[in-house]
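Colleague: All I have is the shape, not the residue letters:
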């Protein structure tokens, strides 16, 4: 968290509620991109981001700069708001895939960006969000553990679990793309 963010947070906590607009202005665009990659409808994306900021404002006193930066904390809230939204809409598509260690997690060489995007859309919202956080947002596994709210367990165990989960997601994508290329 930047010192500027610390000052803004303390001002808001001290009653200068108009300062919250600075956080919205600073982090709103990146949250729109993050949520928009998962919640495909623009109006729904805007609703999720708005709900994220409402929740952040309501829980501002729960924010701990020792645990995460403001951007990571907001992304954690957005992650849970987006999953709630997707579950509510029952958009989740579960793939009947049996993943084993024998399946490589490399994508076919001739995969286009559009094919990859279409394959990602077939994954569960949780898998889509993990891909978003790790590959597109460049978050570390420790940050992802915090964002997903699963960092309460042993951090090393959670990082290992997330690494394995990302491996299985890559395997799923490989299967989807390989199957698609053989159709």
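Modeller: Ah, there it is. Quick caveat, the model's predicted, so the values are computed rather than measured.

Colleague: biggest helix in this structure by residues?
Modeller: helix 155-181 (DSSP state H).

Colleague: Quick one: mean pLDDT for it?
Modeller: Average pLDDT, helix 155-181: 83.

Colleague: Which positions within that helix qualify as buried?
Modeller: Using 16 or more other C-beta atoms under 10 Å as the test for burial, helix 155-181 gives 158-159, 162, 165-166, 168-177. To be clear about C-beta, it is placed using only N, CA and C from the backbone, and glycine gets the same treatment.

Colleague: Using the record's assignment, carve the chain into domains.
Modeller: Split into domains by automatic domain parsing, the chain comes to 3-89, 113-181.

Colleague: mind checking how far the strand or helix carrying residue 22 is from the chain centre?
Modeller: Using DSSP states H and E, residue 22 maps to helix 20-36. Per C-alpha atoms, centre = their mean, to the nearest Å, the displacement of helix 20-36 from the mean C-alpha position of its chain is 14 Å.

Colleague: and the next element down the chain from that helix?
Modeller: That would be, after helix 20-36 and using DSSP H and E, helix 42-58.

Colleague: just to revisit the earlier point, list just the nearest of the buried residues of helix 155-181 to residue 14.
Modeller: The closest of the buried residues of helix 155-181 to residue 14 turns out to be residue 158 (C-beta to C-beta; 34.8 Å).

Colleague: where does the residue nearest to the spatial centre of the chain land in three-state SS?
Modeller: The residue lying closest to the centre of the chain (C-alpha atoms, centre = their mean) is residue 129, at 4.0 Å. Three-state call for residue 129 (DSSP: H, G, I helix; E, B strand; the rest coil): helix.

Colleague: any idea of the pLDDT on it?
Modeller: Predicted confidence (pLDDT) for residue 129: 85.

Colleague: What helices and strands are in contact with the helix or strand harbouring residue 71?
Modeller: Assigned by DSSP H and E, residue 71 belongs to helix 70-89. Contact here means 3 or more C-beta pairs under 8 Å, 6 or more residues apart in numbering; DSSP states H and E; on that basis helix 70-89 packs against helix 20-36, helix 42-58, helix 125-131, helix 141-147.

Colleague: for the last one, packing partners?
Modeller: Pointing back at helix 141-147 there. For helix 141-147, the packing partners by 3+ C-beta pairs under 8 Å, 6+ apart are helix 70-89, helix 155-181.

Colleague: What of the first one?
Modeller: In terms of contacts (3+ C-beta pairs under 8 Å, 6+ apart), helix 20-36 is packed against helix 3-13, helix 42-58, helix 70-89.

Colleague: now the second one
Modeller: Contacting helix 42-58 under the criterion 3+ C-beta pairs under 8 Å, 6+ apart are the following elements: helix 20-36, helix 70-89.

Colleague: returning to that earlier point: same list, the domains of the chain, but as JSON lines with distance to residue 107 please.
Modeller: Listed next are these as JSON lines, based on distance: least, C-beta to C-beta, whole Å:
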{"stretch": "domain 3-89", "distance to residue 107": "18"}
{"stretch": "domain 113-181", "distance to residue 107": "6"}
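
Colleague: Fine by me, thanks again.
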